[in-house]
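> quick check, what structure comes out for this input:
(one chain, ligands or ions: 1)
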Amino acid sequence: MTQRRVAVIGAGDMGARHAQHWASSGAQVGVVCDADAARSETLARLHGGEGVTDALEAVRRDDVDAVSICTPTFLHAPITIAALEAGKHVLCEKPIALTLEDARAMEAAARTSGGTLRIGFMRRFDPLWRRVESDARDLGAPVMAQAALAAGIRPKLLMHDARANGGPVIDMACHVFDRWERVFGRPLERVRAVGHTFALHASELAGIEHVALDTVQAELDYGEAGTAQLQLSWGLPRGVPHSERHTYLGPGGMLEVDGGRALLTRSDAEPSVFEPPVVDAWHEEIHAFTRELDGEGPQGLADVQAGIRALRASLAVLEAVRTGEAVDPATLETQGAVA
Ligand SMILES: NC(=O)c1ccc[n+]([C@@H]2O[C@H](COP(=O)([O-])OP(=O)(O)OC[C@H]3O[C@@H](n4cnc5c(N)ncnc54)[C@H](O)[C@@H]3O)[C@@H](O)[C@H]2O)c1
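Reported below is the predicted structural model:
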């Protein structure tokens, strides 16, 4: 088999990871693209590739077979679509896009492309979240889930920009929604939520015209499978470290997740603690994608539909905050992101 030739688009934190793991999978990272020429050159040099600055040109090159898209989220759709139209395989970082319109356009391009599109929900390859998913399912039904994620103002301002990465309800909660869909085994039916922009007047965000909602508390209804509460903030004072805690209650017991470990207390067993092995989930994800492209069949990466469902859940939360009403995510099909 000839060596797979990859272009990495966006040479920031995610681009560097993708390039490293494509290279370790045996691919040649021949092209690195970033709007910032110095960034693309630096990462390209590390992998013996060429640094370029035009993403649409990069993904259409004849010497590229597969593309990783690691740009800010508002650029995922145009670059993914151009790559798919050129017949390339695409691993697009999460979240799929900011709007359902963009996501649907990506889906349409994937349908007619010879390339495969996958969305980077790398928690699917993280031993902790895999274990949480299976242990939570083992608690029986209904399950009552709770997740609290909190952090100070993010150092990358695009993460607070409603028109760039969309704020935490789109950028961060998508990971949780993707996992909860597996825990509950059915789609989200209704959402109620309240929200705030704690950091609206923070001096750090003064340059952003459309500051995203940074704090929500949401009730999510998964029908007979259970309910979930999400408390999420990126609007705390700068420097507050990221924390994430989950609790799952079910007829079979309780599961607590805190600081990277899971404590399971079941009615029929002694409490047990799961300390996950140290695994780089992006490494696992990209190696799994490589196997899929090599013809070994689906390897558990998120498809475009999973990306759309997670985005729809995020948009339902934002819409519930905006209207004060309960929102059925299925009714959002034609709406865009809420600024
Ligand atoms: N899987 C995860 O858990 C995870 C974690 C962090 C970020 N992400 C996602 O990955 C994406 C990138 O995030 P990041 O943290 O690497 O951001 P980053 O800011 O570190 O890197 C983004 C890069 O894209 C470049 N860029 C901007 N416009 C461009 C254009 N038109 N053409 C080419 N390059 C362009 C920027 O110059 C920058 O170097 C976002 O969608 C984000 O949500 C996913």
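> point out where this protein drops to low pLDDT.
The chain contains residues with pLDDT under 70 at 1, 334-339.
> which helix is the longest one in it?
helix 304-323 (DSSP state H).
> give me the distance from that one to the chain's centre.
13 Å (Cα atoms, centre = their mean, to the nearest Å).
> which helices and strands sit right next to it?
Where contact means 3 or more Cβ pairs under 8 Å, 6 or more residues apart in numbering; DSSP states H and E, helix 304-323 is packed against helix 100-112, strand 117-120, helix 168-171, helix 173-184, strand 190-196, strand 215-221. In short, each C-beta sits where N, CA and C put it, glycine included.
> which of the residues in that helix are buried?
Residues of helix 304-323 classed as buried by neighbour count (16 or more other Cβ atoms under 10 Å): 304, 306-321.
> about what we covered before: for the helices and strands packed on helix 304-323, could you give me TSV that also reports distance to the ligand?
Below are these laid out as TSV (distance: least, Cβ to the nearest ligand atom, whole Å):
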stretch	distance to the ligand
helix 100-112	12
strand 117-120	5
helix 168-171	5
helix 173-184	6
strand 190-196	19
strand 215-221	17
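> let me have the ones you listed in JSON lines, extended by mean neighbour count and distance to Val52.
Converted to JSON lines, the helices and strands packed on helix 304-323 look like this (neighbours: other Cβ atoms under 10 Å; distance: least, Cβ to Cβ, whole Å):
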{"stretch": "helix 100-112", "mean neighbour count": "18", "distance to Val52": "22"}
{"stretch": "strand 117-120", "mean neighbour count": "27", "distance to Val52": "22"}
{"stretch": "helix 168-171", "mean neighbour count": "27", "distance to Val52": "26"}
{"stretch": "helix 173-184", "mean neighbour count": "23", "distance to Val52": "29"}
{"stretch": "strand 190-196", "mean neighbour count": "19", "distance to Val52": "40"}
{"stretch": "strand 215-221", "mean neighbour count": "21", "distance to Val52": "39"}
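> ok, and the closest non-adjacent residue to the residue in the stretch 51-200 of the chain positioned nearest to the ligand?
For the stretch 51-200 of the chain, the nearest residue to the ligand under the criterion Cβ to the nearest ligand atom is Glu93, separated by 3.5 Å. Leaving out its chain neighbours, the residue that sits closest to Glu93 by Cβ to Cβ, 6 or more residues apart in numbering is Gly120, at 4.5 Å.
> from what I can see the one you found touches Val90, true?
No: using Cβ atoms under 8 Å, Gly120 makes no contact with Val90, being 10.3 Å away.
> sorry, back to before: contact partners for the residue of the stretch 51-200 of the chain closest to the ligand?
Neighbour list for Glu93: Gly10, Met14, Ser68, Ile69, Cys70, Thr73, His76, Ile119, Gly120 [criterion: Cβ atoms under 8 Å, 6 or more residues apart in numbering].
> which parts of this structure are strands?
5-9, 28-33, 50-52, 66-69, 89-93, 117-120, 143-152, 190-196, 215-221, 226-236, 243-250, 253-258, 261-266, 272-274 (DSSP state E).
> so which of those strands is nearest Gly300?
strand 117-120 (9.8 Å; Cβ to Cβ).
> how about the residues of the stretch 1-150 of the chain near the ligand?
Where the stretch 1-150 of the chain comes near the ligand, counting by Cβ under 6 Å from any ligand atom, the residues are 9-15, 33-36, 39, 55, 70-73, 75, 93-94, 120, 122.
> in contact with the residue with the largest distance to the centre of the chain, which residues?
If you look at how far each residue of the chain sits from its centre, by Cα atoms, centre = their mean, the farthest one is Asp268, at 34.9 Å. By Cβ under 8 Å, 6+ apart, Asp268 lies in contact with Gly252, Gly253.
> check Ala316 too.
Contacts of Ala316 (Cβ under 8 Å, 6+ apart): Leu188, Val191, Val327, Asp328, Pro329, Leu332.
> same thing but at 7 Å, please
When contacts are counted by Cβ atoms under 7 Å, 6 or more residues apart in numbering, Ala316 touches Val191, Val327, Pro329, Leu332.
> what is the burial count for the closest residue to it other than its chain neighbours?
The spatially closest residue to Ala316, leaving aside those adjacent along the chain, is Pro329, at 4.0 Å (Cβ to Cβ, 6+ apart). Neighbour count of Pro329, defined by other Cβ atoms under 10 Å: 24.
> hang on, isn't Pro329 packed against Arg190?
No: with contact defined as Cβ atoms under 7 Å, Pro329 does not reach Arg190; the gap is 8.1 Å.
> mind listing the shared neighbours of those two?
In contact with both Pro329 and Arg190: no residue, using Cβ under 7 Å, 6+ apart.
> thinking the residue nearest to Glu93 is in contact with Ile96, fair?
No: using Cβ under 7 Å, Gly120 makes no contact with Ile96, being 9.3 Å away.
> great, nothing more from me.
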